[in-house]
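Chemist: generate a structure from the sequence data that follows.
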Amino acid sequence: MNSTTLIPVADGTTLRAYLARPASDPAPTGVILYLVGEDDALIDAGQREQIRAALESAGVKHELVSYPGVGHAFFWPGTPPYSATARADAWGRVLELLAS
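Modeler: Okay, the predicted model is just below:
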């Protein structure tokens, strides 16, 4: 596999993009719901754009939701980046997806 089939992440490692599967593999099915804080230091805006573009160009159904002013781990009460508003919206989206 060449380096164009990998998506870099913030810590310098790489995430194997399942989008780079061999042509003989079946296409992905379902929907990817990607919920992220806009201020997430682990995956920056440029990397989120790379992921969005890769999903779009591969024809994968997806929804990428970026919550403004919210950092990594916004979902967990008791953590500094916790956001009740973002969490409520994210839960609603997760439940909606699971119900579909």
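Chemist: in this structure, what residue spans correspond to strands?
Modeler: Ranges of strands in the chain, per DSSP state E, are 6-8, 14-16, 32-37, 62-67.
Chemist: what's across from the most centrally placed residue in the chain in the sheet?
Modeler: Centroid-nearest residue in the chain: Y34, 3.4 Å away (criterion: C-alpha atoms, centre = their mean). Note on Y34: beta-bridge partners L64, judged by DSSP bridges.
Chemist: which ones are touching it?
Modeler: Neighbouring residues of Y34 by C-beta atoms under 8 Å, 6 or more residues apart in numbering: 48, 51, 62-65. Yep, even glycine has a C-beta here, placed from its N, CA and C like the rest.
Chemist: if any of those residues are buried, put those into a ChimeraX selection.
Modeler: Of the contacts of Y34, the buried ones can be selected in ChimeraX as follows, counting by 16 or more other C-beta atoms under 10 Å:
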select :48,51,62
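Chemist: so which of the contacts of Y34 comes closest to G30?
Modeler: In terms of C-beta to C-beta, no member of the contacts of Y34 lies closer to G30 than H62, at 9.7 Å.
Chemist: so that closest one sits right up against I32, yeah?
Modeler: Yes: in this structure H62 lies within contact range of I32 using C-beta atoms under 8 Å: 4.2 Å.
Chemist: where do the contact lists of those two overlap?
Modeler: With C-beta under 8 Å, 6+ apart as the test, H62 and I32 both reach L55.
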